Each structure stands twice: as C-alpha cells, then as structure tokens.
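S.K.: from the sequence below, what's the structure:
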Amino acid sequence: MKAAVKTLQELTAQEFCKIAEERTRVFVVEQKCAYQEIDSEDYCAYHVTLSDDTGNFVGYARIIDRGDYVTFGRVLVLQKYRKHHYGRQLVAITIAQALFPGKKLQIEAQDYVQDFYGSFGFRAVSDVFLLDGIPHVSMLLGNQG
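M.R.: Next up is the predicted model:
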C-alpha cells in the first residue's frame with residue numbers, strides 16, 4: 001500500500017475527480033445522505049489517499065486545521081477493499097499526518113465506529129448528536145483537552 005498526502009493545489013484534476021466520485025458514492029449514495037459533499041473545506045484540507053501497489057485507489061481521508069485543533073474526516077475505503085484492515089492502515093496514516101505540534105486532534109465520528117476509533121486512543125467527549133441525519137459523537141485523541 002502507498003499513501004500520499006496532498007493539498008488541493010497538489011492534486012491532479014484526475015485525482016480530485018476520483019476522490020469526489022468515491023466520496024459521493026460512499027457518503028451520499030451508500031449512506032443515503034443528501035448533503036453538499038464537496039465543500040469549501042476541500043480548499044484548505046490535506047487530502048490523504050491510499051492506493052494499492054498497482055496504483056488503484058483504495059481509500060481516502062481529509063485533514064483540516066481548525067486553528068486551535070486539527071480534525072480529520074470523510075474517511076472511506078472502497079467497498080471491494082473493506083474487511084482487509086485497510087481502514088486501520090488509512091486511519092493510522094491519517095493520525096500520524098494530523099498530529100500538528102501544540103494542537104489537539106478531535107474528530108466527529110459516526111456513532112457506530114466509536115470502538116474503532118477508541119482502538120486508536122480516541123475517547124468520546126460528547127453525547128451522541130445528529131450530523132446530516134446520522135448519529136455522531138465528538139472524540140478526542142488520548143488525554144488531550
């Protein structure tokens with residue numbers, strides 16, 4: 001597996017179109033959630049892609065520096081690559097890239113994956129809330145905060 005971390009300006013048009021296609025497929029079509037998938041945060045995000053050894057797109061996440069903390073989201077693995085632990089690889093790489101000096105790492109995770117993120121050291125810091133109609137929880141890495 002190969003990982004790459006790029007700004008929007010560093011992505012090729014083909015790379016960003018593939019990211020947009022797969023994000024829409026997972027978050028809008030699979031999860032049946034009608035919302036603005038491509039948004040203004042893509043301009044300032046760090047885009048993390050995971051590819052197999054032949055260059056096929058496997059997964060994606062985006063990292064955003066919010067000033068006083070860093071977050072990541074839009075984490076996805078293509079359906080045919082699920083159940084092979086590529087999600088764990090992708091999240092581990094994303095966490096390593098998102099550890100900005102002096103800043104907390106906080107995410108808004110879908111409620112059903114709390115245990116998954118907990119295995120990386122995240123802990124819930126909120127009650128469950130709806131975000132775009134899907135139950136989420138705010139989580140903070142380690143003992144930060």
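S.K.: residues in contact with stretch 1-15: which ones?
M.R.: Stretch 1-15 is contacted by residues 16, 19, 42-53, 55, 58, 63, 86, 89-90, 93, 97 when judged by CB atoms under 8 Å, 6 or more residues apart in numbering. Placement of C-beta: from N, CA and C, glycine included.
S.K.: repeat that for stretch 73-89.
M.R.: Residues outside stretch 73-89 that contact it (CB under 8 Å, 6+ apart): 1, 3, 22-23, 26-27, 30, 50, 52, 57-62, 64, 90-91, 94, 107-108, 116.
S.K.: can you give me the mean pLDDT across the biggest helix by length in the chain?
M.R.: Scanning the chain for the helix with the most residues, using DSSP state H, yields helix 86-98. Averaged across helix 86-98, the pLDDT comes to 95.
S.K.: can you point out the buried residues in it?
M.R.: Within helix 86-98, the residues that count as buried by 16 or more other CB atoms under 10 Å are 86-87, 89-91, 93-95, 97-98.
S.K.: of these, closest to H136?
M.R.: Nearest to H136 among those: V91, at 16.2 Å, using CB to CB.
S.K.: my guess is that closest one contacts Y60. True?
M.R.: No. Using CB atoms under 8 Å, V91 is not in contact with Y60; the gap is 11.5 Å.
S.K.: OK, contacts around L140?
M.R.: L140 neighbours (CB under 8 Å, 6+ apart): 104-106, 122-123, 125.
S.K.: let's go with 7 Å and repeat that
M.R.: The contact partners of L140, by CB atoms under 7 Å, 6 or more residues apart in numbering, come to 104, 106, 122-123, 125.
S.K.: and those, which are buried?
M.R.: Buried members of these, counted by 16+ other CB under 10 Å: 104, 106, 122-123.
S.K.: and which of these is nearest Y35?
M.R.: Nearest member of the buried ones among the contacts of L140 to Y35, counting by CB to CB, is Q106, at 20.9 Å.
S.K.: distance of that closest one from M139?
M.R.: 7 Å (CB to CB, to the nearest Å).
S.K.: could you pull out the strands for the protein?
M.R.: With DSSP state E as the criterion, the chain has strands at 2-7, 46-51, 57-65, 69-77, 104-110, 122-124, 129-131, 134-141.
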